[in-house]
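>>> Need a 3D model of the following:
(chains A, B, C and D)
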Number of protein chains: 4
Amino acid sequence: MVGFALFGAGRIGAVHAANIAASSKARLAAVHDVNAKAGDAIAARHGARSAHSAAEVLGDRSIEAVLIASSTDTHVGLITAAARAGKHIFCEKPIDLDMARVEQCRREIAGTGVKVQIGFNRRYDPSHAALAAAVEAGEIGTLEQLVITSRDPAIAPVDYLRVSGGIFRDMTIHDFDLARFIANEEPVEVFATGSIRIEPKLEAMEDFDSAMVVMRTAKGSLIHINNSRRAVYGYDQRVEAFGAKGMIVSDNLRATSLRRSTKDATDRLGPLLHFFIDRYRDAYARELDDFIDKIQSGGDPAVGFEDGRRAQILAEAALESALTGKVVRVDYRTGG
Amino acid sequence: MVGFALFGAGRIGAVHAANIAASSKARLAAVHDVNAKAGDAIAARHGARSAHSAAEVLGDRSIEAVLIASSTDTHVGLITAAARAGKHIFCEKPIDLDMARVEQCRREIAGTGVKVQIGFNRRYDPSHAALAAAVEAGEIGTLEQLVITSRDPAIAPVDYLRVSGGIFRDMTIHDFDLARFIANEEPVEVFATGSIRIEPKLEAMEDFDSAMVVMRTAKGSLIHINNSRRAVYGYDQRVEAFGAKGMIVSDNLRATSLRRSTKDATDRLGPLLHFFIDRYRDAYARELDDFIDKIQSGGDPAVGFEDGRRAQILAEAALESALTGKVVRVDYRTGG
Amino acid sequence: MVGFALFGAGRIGAVHAANIAASSKARLAAVHDVNAKAGDAIAARHGARSAHSAAEVLGDRSIEAVLIASSTDTHVGLITAAARAGKHIFCEKPIDLDMARVEQCRREIAGTGVKVQIGFNRRYDPSHAALAAAVEAGEIGTLEQLVITSRDPAIAPVDYLRVSGGIFRDMTIHDFDLARFIANEEPVEVFATGSIRIEPKLEAMEDFDSAMVVMRTAKGSLIHINNSRRAVYGYDQRVEAFGAKGMIVSDNLRATSLRRSTKDATDRLGPLLHFFIDRYRDAYARELDDFIDKIQSGGDPAVGFEDGRRAQILAEAALESALTGKVVRVDYRTGG
Amino acid sequence: MVGFALFGAGRIGAVHAANIAASSKARLAAVHDVNAKAGDAIAARHGARSAHSAAEVLGDRSIEAVLIASSTDTHVGLITAAARAGKHIFCEKPIDLDMARVEQCRREIAGTGVKVQIGFNRRYDPSHAALAAAVEAGEIGTLEQLVITSRDPAIAPVDYLRVSGGIFRDMTIHDFDLARFIANEEPVEVFATGSIRIEPKLEAMEDFDSAMVVMRTAKGSLIHINNSRRAVYGYDQRVEAFGAKGMIVSDNLRATSLRRSTKDATDRLGPLLHFFIDRYRDAYARELDDFIDKIQSGGDPAVGFEDGRRAQILAEAALESALTGKVVRVDYRTGG
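The predicted structure is shown next:
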């Protein structure tokens, strides 16, 4: 049984807490949140203790791993401290909104030997994962084009958007990681452009609510991502991989398999699963499970710190491209 | 060029006239309708002459074939006269509503050597035909079950229903033929049941607007047909063939390939093609083309008089079953 | 916490045991199986005790409910004994293969006041349940036709088939219940026919591997069921409800949402969920949950003893119809 | 009856000839091809005369309109000559591969008053047109994103590619026009990138076989196009329009509605319609019909010379972007 401490008792923290509690290979030992009430509530629900401070948690020898689901600005501090304390780390994306801090964190944890997994849940979605496996197995021959559609059901409140880091660092970052995962090649050039069509207040934040990206890899594979902060028909999460021998699409999911036909339309399907908590429910369980397996059986996490760093490098490049109107070449060594 | 005379200038006659006119291998020479104005109109549209009587048409040596699309009660008389006059015959279904007259017609035209094709259009629908060909080619191994769904978009006027011969002779007859065509086996037992859910006036006619049929062949293949006189979502025409190695479905068709996603529903498709004139447009052209080919190149029509007779035997059996509540065994020799 | 005892530690017993153990409102107290090893294993997995006899279990006051997943011939005995002991009962279908024993059981448990739920899992499948709810809500107006397709992926071993009670009592019984659930009307006439296309040894058992049923309700709703013991493409479980205002289909489910396009075919979907354990995974959890709710909050189980009995009456009628070739009228009072 | 002369008796010329011949409002008077045999053959098939020279055709007063389907390098010469001769002009795309010649042609035909329609067939595809109409009708609210997938089934021979003008001028040009048509806004910025993954000989031609484009309009609508010269699963032609109130997709078409389920896969659909002659069969007939209507009833062609010119301006911008790696701003006044 791997003893876990959870940092952050918000919506996503609650999902992780429940998955840890439900696992036969892990137990939730402690919860810490700056909002003590929120921490107490989750701790009580799963029979864990609510810790007053991060230090208290990190000093507890019975805790083997931490799950960081607190606000983004706390990630780097917690990662660094946990690594020094010898705890394995599962951290929600992004590592940090500031690339310089990401680089510094990378240096600080180098050599600590703890396992670090970044919470890119899409890699663990059964359909996206099956698509990636089929591409890897050569089902469509050489991959030539990848098209990722990723649209949220509704735009987040302005207060959230203000601290989100912007659409590329907050939203597209998932798609950058998914693209790297499926293509199994590194994008070397990034072009991005964004628009404000939904929330005019984004203007003052130099942010966008609609975006399109084109990337190319060294071999010439072409990758397109489109994002919107508001798709009224639901959380639209599709991937299309096209290659020399065919095409595979990972399509959206719905709560039921109902098809309705009436006077106006035929075979209409029900609404999409509403948002990430529903759509990626299985993915959250599977990513945790894989992390625990790696702790118990050895081996590197499938989505490591470097993956988190590289997705972020692509997000930075996309933002630069969208602001300058120029294609940005990516250098993963220097991080820019 | 095969010279054609058309009997009957109604809706379906107009379709056949246009197809004859558009064929590079046929010409529409004459049109006859008891309603002279209707006949004149179609004749004028295609540069044919409007004939005053059937006799005049049948005496014309330049006419090689007749297309009978007049009212059902005229079919047997026209078939018999045309056969005696040595004209090839394409006749809309059914041959006659009275099985005894069908049998007599059969005897009278025996030995005349003219080609007779019955207008079972579904056999020529590209999708249904491709399904039949795939079954014939062994794609699903031995056929074990066949499920035919056949529902009209809206119930016909009571005046039509009154002379239609009832749901089994008027509507299901197409499905009986399609079942024989795809199964390539003869049904030997028929069970049918009907309900009145749409048009109460059918009560007095001993007719139904909703029906379900189960048939079995000598080998034990099972066939289900369901019919409704009113499907608000359109003309529902589906076939499902199930066998030892798999299943093939011939699905409905729509005017466009549009899929719409809005707040309420995702991927809703457009309405079905409205009714038989639209749904089986290609089938009408293809059945005529095949008939002309058989005239020019020899060979028996793919859907002959005997096919028309057998579908009708099944319709009679279904009606008897629905009225008596008993399974009816079919004997194709005696026609009952 | 409702204390449960499980009778029967086979495949389906294991599913129920896991669901009880995972429930926050129930605990698995005891397991009994005639095969003590099997019972021990499941008991050990969930921290329950393995009981030597049914009597021991029924005498345990801490046990409030029993889950009967043992072989069919033990059901009536366990139901009767458990009812006398005042335990609530969840029993897998069928109640018994012999209608006379079902009737006797009914009399014996009358007045004991325990809750009895029969394991018709399909009612709890999210898609089938959503279809039933939509019909109930009037979405398609008056229901007129119901078409249920239910085909197993592979035929069971002959040893199983020999004691199964035959296709109608073993397999179609689920569809009879589903039809009653969705139609919310009682079938009053049953026609059925069966064939042997897959397993010739069924001949000697007077059983079938392929079957088609047509039923009608007093109002004239028509219901079709088709069954096969072997669909090579997987566990085919579909429901189509057709009414005055439209149609709703509950379609099959697949493990992923992948669509593949290659030289030969486009948009092919992955295989269906393999069999009932996978297809109805959610349904098993939901039916147990509902049973526990009824124990804790009061109210009758949604699928009671009488539902089990009526589905069985339909199965008997279908068998009689298939053997005699006659339509069978159903009388639910006398059970025949 | 509009008398037509056809220039060019190749594959696409043959399609137009058949459509003219089949129209009740037009007749094919003359055919001219530099390959006299090809011209003779098509002329003979439709009862037209085979003309020895373009001049002979243009001097014929009975000819009211010309259909230019000859090789691209002859387009401008024929357009100019026909305009001077007062003939209405239907010209296949592109106007010319050299933008300077397009501009000169534009000046030369200015004021001649003849109608000019460019053969952008996709606008007349029933599904794409229905999508455009739905967008125009406001079904999805303000359009925000447009995604066009356009992939050929197989790469053309190198000899064709060499004179094609490159992927953007030859292939993407259709998508540029379709984007302008559906968005009803002008793209003002173009980013494009191309790869060579299929035909290495394209290297020497500075051409690509795979391409991705992102464009934005003045209002901030984002448009993505992806192209491949080879999709083994067939001619992939899809459009996705996304807006404030929903999404509409115009999906691919297939020859039949068959769905097959076997051991390996379920619901696989048949192959896509093979290539443009099949996929856009209806579109070819409809564009000609619309052109004839405009000649007879007045009004400007729906796809005029200026539309041909603007699509070409976008193709030039895309090529420049792909070669320089920079976003290109478009100025439709100066054509660059």
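>>> Can you tell me which residues in the stretch 201-336 of chain A are near chain D?
With Cβ under 8 Å from any Cβ of the partner chain as the criterion, the stretch 201-336 of chain A meets chain D at residues A:210-214, A:216, A:220-222, A:224, A:226, A:228, A:230-233, A:236, A:242, A:244-247, A:325-327. Where C-beta positions appear, they are placed from N, C-alpha and C, glycine not excepted.
>>> Inside strands: which ones of the residues you listed?
A:210-214, A:216, A:222, A:224, A:226, A:228, A:236, A:242, A:246-247 (DSSP state E).
>>> Compute the distance between the residue lying closest to residue A:32 once chain neighbours are set aside and chain B, please.
Nearest residue to residue A:32 in three dimensions, chain neighbours excluded: residue A:51, at 4.4 Å (Cβ to Cβ, 6 or more residues apart in numbering or on different chains). Here residue A:51 is placed at a distance of 43 Å from chain B (Cβ to the nearest Cβ, to the nearest Å).
>>> Find the nearest non-adjacent residue to the closest residue to chain B within chain A, please.
Residue nearest to chain B within chain A: residue A:268 (3.1 Å; Cβ to the nearest Cβ). Leaving aside its sequence neighbours, residue A:268 sits nearest to residue B:268 (Cβ to Cβ, 6+ apart; 3.1 Å).
>>> I'd say that neighbour and residue A:262 touch.
No. Counting by Cβ atoms under 8 Å, residue B:268 stays clear of residue A:262, with 9.4 Å between them.
>>> So for these two, which residue has more residues nearby?
Shown here are residue B:268 and residue A:262; by other Cβ atoms under 10 Å in any protein chain shown, residue B:268 has more neighbours (21 against 18).
>>> which residues does that one contact?
By Cβ atoms under 8 Å, 6 or more residues apart in numbering or on different chains, the contact set of residue B:268 is A:265-269, B:259-261.
>>> Give me the pLDDT value at it.
Residue B:268 is assigned 94 on the pLDDT scale.
>>> show me what contacts residue A:33?
A:7-10, A:13, A:39, A:42, A:70.
>>> circling back: kindly supply the PyMOL command isolating those of the residues of the stretch 201-336 of chain A next to chain D that are buried.
In PyMOL, this line selects whichever of these come out buried by 16 or more other Cβ atoms under 10 Å in any protein chain shown:
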select buried, chain A and resi 210+211+212+213+214+216+220+221+222+224+226+228+230+231+232+233+236+242+244+246+247+327
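>>> just checking: which of the residues of the stretch 201-336 of chain A next to chain D also lie near chain C?
Within those, those near chain C by Cβ under 8 Å from any Cβ are A:245-247.
>>> TSV please, covering these and showing pLDDT.
As requested, these are arranged in TSV below (pLDDT from 0 to 100):
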residue	pLDDT
A:245	98
A:246	98
A:247	98
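>>> Run through the bridge partners of the residue nearest to residue A:268.
residue B:260 (DSSP bridges).
>>> if I look at it, how far off is residue C:141?
Going from residue B:268 to residue C:141 by Cβ to Cβ, to the nearest Å gives 19 Å.
>>> buried set for the longest helix seen in chain A?
Ranked by residue count and defined by DSSP state H, the top helix of chain A is helix A:305-324. Across helix A:305-324, burial judged by 16+ other Cβ under 10 Å covers A:305, A:307-322.
>>> if we can go back for a sec, confirm for me that the residue nearest to residue A:32 is in contact with residue A:59.
No. Contact criterion Cβ under 8 Å: residue A:51 and residue A:59 do not qualify, at 9.9 Å.
>>> Between these two, which has more neighbouring residues?
Neighbour count, other Cβ under 10 Å: between residue A:51 and residue A:59, residue A:51 has more, with 24 against 11.
>>> residues contacting the more buried one?
Contacts of residue A:51 (Cβ under 8 Å, 6+ apart): A:5, A:30-32, A:39, A:57.
>>> Save those as JSON lines, and put in secondary structure, neighbour count and pLDDT too.
What follows is the contacts of residue A:51, written out as JSON lines (DSSP: H, G, I helix; E, B strand; the rest coil; neighbours: other Cβ atoms under 10 Å in any protein chain shown; pLDDT from 0 to 100):
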{"residue": "A:5", "secondary structure": "strand", "neighbour count": "27", "pLDDT": "97"}
{"residue": "A:30", "secondary structure": "strand", "neighbour count": "22", "pLDDT": "97"}
{"residue": "A:31", "secondary structure": "strand", "neighbour count": "29", "pLDDT": "97"}
{"residue": "A:32", "secondary structure": "strand", "neighbour count": "26", "pLDDT": "97"}
{"residue": "A:39", "secondary structure": "helix", "neighbour count": "24", "pLDDT": "95"}
{"residue": "A:57", "secondary structure": "helix", "neighbour count": "24", "pLDDT": "93"}
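>>> And whichever helix or strand residue A:190 is part of, what does it pack against?
Using DSSP states H and E, residue A:190 sits in strand A:187-195. Applying 3 or more Cβ pairs under 8 Å, 6 or more residues apart in numbering or on different chains; DSSP states H and E, one finds that strand A:187-195 contacts helix A:173-183, strand A:210-217, helix A:305-324, strand A:328-329, strand D:187-195, strand D:210-217.
>>> How far away from the center of its chain is the fifth one?
Spelled out, that is strand D:187-195. 19 Å (Cα atoms, centre = their mean, to the nearest Å).
>>> domain parsing for chain A?
A:2-114, A:123-280+A:310-329 (automatic domain parsing).
>>> thinking again about what came up before, dump the contacts of residue A:33 to JSON lines, plus distance to residue B:156.
As requested, these are arranged in JSON lines below (distance: Cβ to Cβ, whole Å):
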{"residue": "A:7", "distance to residue B:156": "71"}
{"residue": "A:8", "distance to residue B:156": "67"}
{"residue": "A:9", "distance to residue B:156": "66"}
{"residue": "A:10", "distance to residue B:156": "62"}
{"residue": "A:13", "distance to residue B:156": "64"}
{"residue": "A:39", "distance to residue B:156": "70"}
{"residue": "A:42", "distance to residue B:156": "65"}
{"residue": "A:70", "distance to residue B:156": "69"}
